[in-house]
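Asker: This is the structure alone, sequence omitted:
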């Protein structure tokens with residue numbers, strides 16, 4: 001693990017005030033105010049197009065401690081990370097100094113050309129004393145979104161190429177697959193699974209089938225489908241509200257956020273909220289007051305005829321009202337943001353500048369989130385993240 005310098009804009013650079021060891025003292029058991037960024041070392045973006053690195057690395061995970069700002073940071077190297085899939089492939093384990101990261105795809109060179117192929121590995125990380133990779137464990141094909149039960153005992157992995165959910169027991173030194181259950185067709189593109197704050201229910205997004213599944217959790221942690229919602233479009237990343245009263249889903253085809261109310265396993269669509277082009281990632285603040293939606297807008301376009309060509313990417317904000325949520329402005333982002341994740345106290349937002357290999361940071365001031373001017377260079381493209389709650 002090594003520490004990273006923070007920069008205030010492009011002109012000045014400051015050394016981190018704390019050592020990597022200090023970063024994780026006192027974080028065992030609760031993970032304090034961490035944000036984890038998973039960084040792909042296999043691809044680069046040139047003129048908004050993804051290209052393969054000729055001598056690729058494996059991947060890495062940057063750990064940021066937001067108990068102070070700028071946050072202290074360190075990196076765990078040689079952890080498989082891929083840009084393919086939703087930015088929800090990493091999860092913290094509640095109450096334990098552990099994290100889980102899925103690897104949906106692996107890069108291989110065949111006949112002189114690189115390509116992505118299905119992977120089937122999931123990593124278990126120890127966050128203590130600077131962090132380390134505990135091990136890699138086999139699961140289903142193309143493991144993508146991951147979620148952990150509130151008691152920290154079980155993880156769900158969405159195996160996108162199979163339409164299955166792997167139910168993994170989380171040990172101190174390993175992950176063990178307790179069961180694998182099929183909940184969708186292989187062609188449905190099971191992208192992400194989420195578990196409700198009370199641990200009784202879950203949801204799953206079927207991107208190519210235009211569906212959202214409501215899941216009930218059996219006593220052994222295995223989900224079963226209890227309802228199928230058909231909003232259409234392409235549901236992708238999803239998050240429960242902290243109080244469990246609802247959940248939100250980003251639709252990457254219709255460019256909107258779906259807000260559902262949720263009670264006793266029954267979901268009802270409350271609103272379709274328009275956001276920017278391709279809402280890749282979505283996060284809810286710990287107090288449930290804000291939703292941040294990371295949208296590509298013009299940030300990844302190469303066609304000059306597209307009406308958004310040349311526009312920046314943006315983070316769109318939704319704010320809670322008496323009726324639900326309402327649009328609350330947007331901020332421009334350099335690169336194509338895969339994610340925007342709130343800190344544990346909701347005061348800061350970490351945003352991926354994918355295509356620039358760095359993170360930028362926003363702060364809640366005067367009723368909105370504003371750019372702090374700080375950024376953090378990374379070893380790779382930031383493609384997924386999670387924050388402690």
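Answerer: Right, received. Where do you want to start? Note that the coordinates shown come from a computational prediction; the quantities given were computed from them, not determined experimentally.
Asker: beta partners for the closest residue to residue 239 other than its chain neighbours?
Answerer: Leaving aside its sequence neighbours, residue 239 sits nearest to residue 284 (Cβ to Cβ, 6 or more residues apart in numbering; 5.0 Å). In short, each C-beta sits where N, CA and C put it, glycine included. For residue 284, the residues forming beta bridges with it (DSSP bridges) are residue 291.
Asker: so residue 284 sits right up against residue 341, yeah?
Answerer: No - counting by Cβ atoms under 8 Å, residue 284 sits too far from residue 341 to count as a contact (10.1 Å).
Asker: Overlap of the contact sets of the two?
Answerer: By Cβ atoms under 8 Å, 6 or more residues apart in numbering, residue 284 and residue 341 have no common neighbours.
Asker: Please name every helix or strand in contact with the helix or strand hosting residue 64.
Answerer: Using DSSP states H and E, residue 64 falls within strand 60-65. Contact partners of strand 60-65 among helices and strands, from 3 or more Cβ pairs under 8 Å, 6 or more residues apart in numbering; DSSP states H and E: helix 20-24, strand 34-40, strand 72-77.
Asker: Can you point out the buried residues in the next helix or strand along the chain from the second one?
Answerer: Past strand 34-40, heading to the C-terminal end, the next element that is a helix or strand (DSSP H and E) is strand 43-46. For strand 43-46, a neighbour-count test (16 or more other Cβ atoms under 10 Å) marks 43, 44, 45 as buried.
Asker: mind listing what strand 43-46 pairs with, with the direction of each?
Answerer: strand 49-52 (antiparallel).
Asker: Surely residue 273 and residue 318 touch.
Answerer: Yes - taking contacts as Cβ under 8 Å, residue 273 lies within contact range of residue 318: 5.9 Å.
Asker: The two: who's more crowded?
Answerer: Neighbour comparison, residue 273 and residue 318: the larger count goes to residue 318, with 24 against 20 (by other Cβ atoms under 10 Å).
Asker: With pLDDT added, can I get the buried residues of strand 43-46 in JSON lines?
Answerer: Listed next are the buried residues of strand 43-46 as JSON lines, based on pLDDT from 0 to 100:
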{"residue": "43", "pLDDT": "93"}
{"residue": "44", "pLDDT": "90"}
{"residue": "45", "pLDDT": "84"}
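Asker: closest to residue 372 among those?
Answerer: residue 45 (23.8 Å; Cβ to Cβ).
Asker: before we move on, the earlier item: anything in contact with each of residue 273 and residue 318?
Answerer: 257, 325, 326, 327.
Asker: wait, what's in contact with the spatially closest residue to the last one that is not a sequence neighbour?
Answerer: It refers to residue 327. Counting by Cβ to Cβ, 6+ apart, residue 327 lies nearest to residue 318, which is 6.2 Å off, once chain neighbours are set aside. With contact set as Cβ under 8 Å, 6+ apart, residue 318 has these partners: 257, 273, 275, 290, 291, 293, 325, 326, 327, 328.
Asker: just the buried members of these?
Answerer: Buried members of those, scored by 16+ other Cβ under 10 Å, are 257, 273, 275, 290, 291, 293, 325, 328.
Asker: so which of these would you say is closest to residue 374?
Answerer: residue 290 (19.9 Å).
Asker: Ramachandran angles for the residue lying closest to residue 198 once chain neighbours are set aside?
Answerer: Sequence neighbours aside, residue 244 is the residue nearest to residue 198 in space, at 5.6 Å (criterion: Cβ to Cβ, 6+ apart). Dihedral angles of residue 244 (phi, psi; degrees, to the nearest 10) stand at phi 80, psi 10.
Asker: How many residues are close by residue 244?
Answerer: The burial count for residue 244: 16, using other Cβ under 10 Å.
Asker: ok, it - contacts?
Answerer: With contact set as Cβ under 8 Å, 6+ apart, residue 244 has these partners: 196, 197, 198, 262.
Asker: shaky segments in this structure?
Answerer: Across the chain, the ranges flagged by pLDDT under 70 are 1-31.
Asker: Just the residues contacting stretch 101-110, thanks.
Answerer: Applying Cβ under 8 Å, 6+ apart, the set of residues contacting stretch 101-110 is 38, 42-43, 52, 56, 59, 61, 79-82, 84-85, 89-91, 114-119, 121-123, 125, 136, 139, 142-146, 157, 160, 384.
Asker: which residue sits farthest out from the middle of the protein?
Answerer: Most distant from the centre of the chain: residue 111, at 33.2 Å, with distances by Cα atoms, centre = their mean.
Asker: Do you have the strands of the stretch 251-389 of the chain handy? List them.
Answerer: With DSSP state E, counting those that start in this stretch, the ranges of strands along the stretch 251-389 of the chain come out as 256-263, 266-274, 279-284, 290-295, 313-320, 325-333, 340-342, 348-353, 358-365, 368-377, 381-387.
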